[in-house]
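In: quick one, what's the 3D model for this:
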Amino acid sequence: MKSRRILLFFIGISMLLTSCGISKSKHHLPDVARYNATKPIVTKQSDSAFVSGRNSFLKNKQGLWELYVEGDPLEIGLSTGALTDSLLKKQEQIFFSRIEDIVPSKFQQNLLRNFLKWYNRKLYLNVPNEYQAEIYGISQYTSHTFDNLAPQYQRNLYLHGAHDIGHALQDLALVGCSSFAAWNEKSEDGNLILGRNFDFYVNEAFAENKIVAFINPKEGYPFMMVTWPGMIGAVSGMNKEGLTVTINAGKSKIPLSAKTPISILTREILQHAQNIEEAIAIVKKRNVFVSESIMVGSAHDNKAILIEVSPKKMDVYDVPNSDQLICSNHFQSAAFKDDKRNQFQIANSHSEYRFERMQELLSQNTKINPQIASEILRNKEGLQNSTLGYGNEKALNQLMAHHGIIFKPKEKTVWISANPYQLGEFVCYNLDSVFKERKTNPLLSFEEENRNIAKDPFLQTTAFKNYKKFKTEDHKIDVYLKNKTKIPFDFIQQYQSLNPDYWVVYYKAGLYFYQKKYFRLAQENFEKALTKEVTTVPQKLAIEKYLKKLKRK
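Out: Model (predicted):
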């Protein structure tokens, strides 16, 4: 899909950095003088188990990596880098291996590298020193293969703005995350419960090595978050006080300068706030460079709110007299809801559709518990249980999520989905057990196995097997279209049979037939695409534009 290619494009570009620059940011290093700079010694127990003192990194039977680290910011960074060393280098390679495919022109690479040299010139001024120190520690273990692009520390620092840059510069569709919360009468036991899908897709390789990180800092509250090698920012997490954070991208203007990355801001909330009031106070201190909804859940307050931020303003959406909260990718607070850009997002994207689907599913389930929450996150149907085709971004389960996650803040309990997407087993962890009773054997998994949520039965269906094959064939047809090569008719028929309810299979066939001047077949396929649930208004208009052209031929 175009939106995913654009996201990849700017992630790749954000990695090209400022290799030819002389800006202050290129030479800046954090102040680490007061931190312990001793590099840890790691003992490799196996290919999936690494230990360094009380710190550990191991892969559980569901395929999730569990990281436990403690200390000051530099110690946490150095320990994280040392323990995740091989995966860190692999993850970096995944990003850079895409760059030549995404940006083949050396001329464009040079232009964009110079643009980002200027664009990121003030980033280091907007990231607290404690997080710069942690990033610096991790960066000591990144590959030297890419030092020609930028020094290790700067590469890793700029990577933390990739999420922001990616969704700010996309044309329309955003990373389509969906989240909800329920409490009081809407929750099975009256206590707050939250669920979210983090639909951030780079490629299959990127999502292979999910890390469930348990961080025990010298300053602030111990916390957990779901992340990937090299990433210290928080996209989904909970601290030992029962405060949770998740982020949902909003429609943004293209900013003129990088400021505080959203994931760094939410990391600060996670580490230093114990309730909603303190979370709001932290947001007020920082300047961001994109628009975002931050869902904050609090065991102390037994409810959730949205902190909606943009480069120019912020507001809090606190639903009065309600026991639930829903968030997709548009704003709801008084300061933002009537904004033209937000209204355009509602009218043209799939955000409102997913919002309404969550409303529908929550109304069908009067009392939400972890099992029901997992079923909502895994739901693949549209409004009124209509068929969307697998992979449609109107679905809550778009079959592309980096992870699904469920929180029970009062219990300090969290469930995280294993691969693939949010279909694998939801693995349960309890923060009190992890941090209060640090296990004497660091090679034992932290999971609360008896509380895990079973795999989605969809994994065993023919439909899922067909979907996996469809993804392979979909890539092939993109290559065919790009190179304008001949596609066998039986290939197109098989391709469409693998995901027959998805509008894209007919749209791409229509593009091919139009390209080859088989206009009757092109028209038939474009018309068939319009009988399906097309994801966004611009995509529907694009199909209608082709049909108008065909009528003139």
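In: does the residue nearest the centre of the chain belong to a helix, a strand or coil?
Out: Nearest to the mean C-alpha position of the chain, by Cα atoms, centre = their mean, lies Phe200 at 3.3 Å. Under the three-state scheme (DSSP: H, G, I helix; E, B strand; the rest coil), Phe200 adopts coil.
In: what ranges in this structure fall below the confidence cut-off?
Out: 1-26, 96-105, 108-117, 148-149, 163, 165-175, 202, 252, 254-256, 438-440 (pLDDT under 70).
In: longest helix in it, please.
Out: Longest helix of the chain, by residue count under DSSP state H: helix 462-483.
In: so which bits of that one are buried?
Out: Within helix 462-483, the residues scored as buried using 16 or more other Cβ atoms under 10 Å are 464, 466-467, 470-471, 473-474, 477, 480. In this view, the C-beta of every residue, glycine as well, is placed from N, C-alpha and C.
In: same deal with stretch 147-164?
Out: So, applying 16+ other Cβ under 10 Å, buried residues of stretch 147-164: 149-164.
In: tell me where the stretch 351-500 of the chain has helices.
Out: 351-364, 370-377, 431-436, 462-483, 489-498 (DSSP state H, counting those that start in this stretch).
In: my guess is Asn156 meets Ile138, correct?
Out: Yes - the criterion here is Cβ atoms under 8 Å, and Asn156 meets it with Ile138 at 6.2 Å.
In: what touches both of those two?
Out: Taking Cβ atoms under 8 Å, 6 or more residues apart in numbering as the criterion, Asn156 and Ile138 both touch Gly230.
In: mind listing the strands for the stretch 251-400 of the chain?
Out: Per DSSP state E, counting those that start in this stretch, the stretch 251-400 of the chain carries strands over the ranges 292-298, 303-309, 314-317, 324-327.
In: nearest to Glu448, out of those?
Out: Across those, Glu448 has its closest neighbour in strand 292-298 (19.7 Å, Cβ to Cβ).
In: contacting residues for Ala299?
Out: 191-192, 241-243, 409-410, 412.
In: again, only using 7 Å
Out: By Cβ atoms under 7 Å, 6 or more residues apart in numbering, Ala299 lies in contact with 192, 241-242, 409-410.
In: got TSV for the residues you listed, with distance to Arg520 and neighbour count too?
Out: Converted to TSV, those look like this (distance: Cβ to Cβ, whole Å; neighbours: other Cβ atoms under 10 Å):
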residue	distance to Arg520	neighbour count
Leu192	57	27
Glu241	65	19
Gly242	62	25
Pro409	59	27
Lys410	62	18
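In: closest to Lys259 among these?
Out: Closest to Lys259, out of all of the contacts of Ala299 and judged by Cβ to Cβ, is Glu241, at 27.3 Å.
In: quick one: that closest one and Gln274 touch, right?
Out: Yes - at 3.9 Å, Glu241 counts as touching Gln274 under the criterion of Cβ atoms under 7 Å.
In: now do the shared contacts for those two.
Out: Joint contacts of Glu241 and Gln274 (Cβ under 7 Å, 6+ apart) are 221, 300.
In: one step back: which one of the buried residues of helix 462-483 sits closest to Gln332?
Out: Tyr467 (32.6 Å).
In: and the closest one, how close does it get to Thr387?
Out: Tyr467 is 13 Å from Thr387, where distance means Cβ to Cβ, to the nearest Å.
In: now do Glu308
Out: Taking Cβ to Cβ, one finds Glu308 at 33 Å from Thr387.
In: who touches the nearest residue to Asn342 once chain neighbours are set aside in this structure?
Out: Nearest non-adjacent residue to Asn342, counting by Cβ to Cβ, 6 or more residues apart in numbering: Phe331, 4.8 Å away. With contact set as Cβ under 7 Å, 6+ apart, Phe331 has these partners: 250, 293, 308, 337, 342.
In: from the residues you listed, keep the buried residues only.
Out: Neighbour-count burial (16+ other Cβ under 10 Å) applied to these gives 250, 293, 308, 342.
In: need the max-distance pair from these.
Out: Using Cβ to Cβ, the two most remote members of these are Ser293 and Asn342, lying 10.7 Å apart.
In: closest to Glu527 out of the buried ones among the contacts of Phe331?
Out: Closest to Glu527, out of all of these and judged by Cβ to Cβ, is Asn342, at 33.0 Å.
In: I'd assumed Ser333 was in contact with that closest one.
Out: No - counting by Cβ under 7 Å, Asn342 stays clear of Ser333, with 9.8 Å between them.
In: mutual contacts of the two, please.
Out: By Cβ under 7 Å, 6+ apart, Asn342 and Ser333 have no common neighbours.
In: so what's the residue count around Asn379?
Out: Look at Asn379: counted by other Cβ atoms under 10 Å, it has 18 neighbours.
In: which residue packs closest to it, ignoring adjacent ones?
Out: Leu396 (4.8 Å).
In: isn't that neighbour right up against Ser374?
Out: No - with contact defined as Cβ under 7 Å, Leu396 does not count as touching Ser374 (11.4 Å).
In: and the two? Which one has more around it.
Out: The residue with more neighbours, out of Leu396 and Ser374, is Leu396; 26 against 21, by other Cβ under 10 Å.
In: which elements pack onto the helix or strand hosting Ser79?
Out: Using DSSP states H and E, Ser79 sits within helix 73-83. Secondary-structure packing of helix 73-83 (3 or more Cβ pairs under 7 Å, 6 or more residues apart in numbering; DSSP states H and E): strand 49-52, strand 55-59, strand 65-71, helix 129-139.
In: ok, the residue nearest to Asn342 to Ser236 distance?
Out: 20 Å.
In: ok, Gly220 next?
Out: For Gly220, the distance to Ser236 - Cβ to Cβ - is 18 Å.
In: now Asp478
Out: Using Cβ to Cβ, one gets 30 Å for the distance from Asp478 to Ser236.
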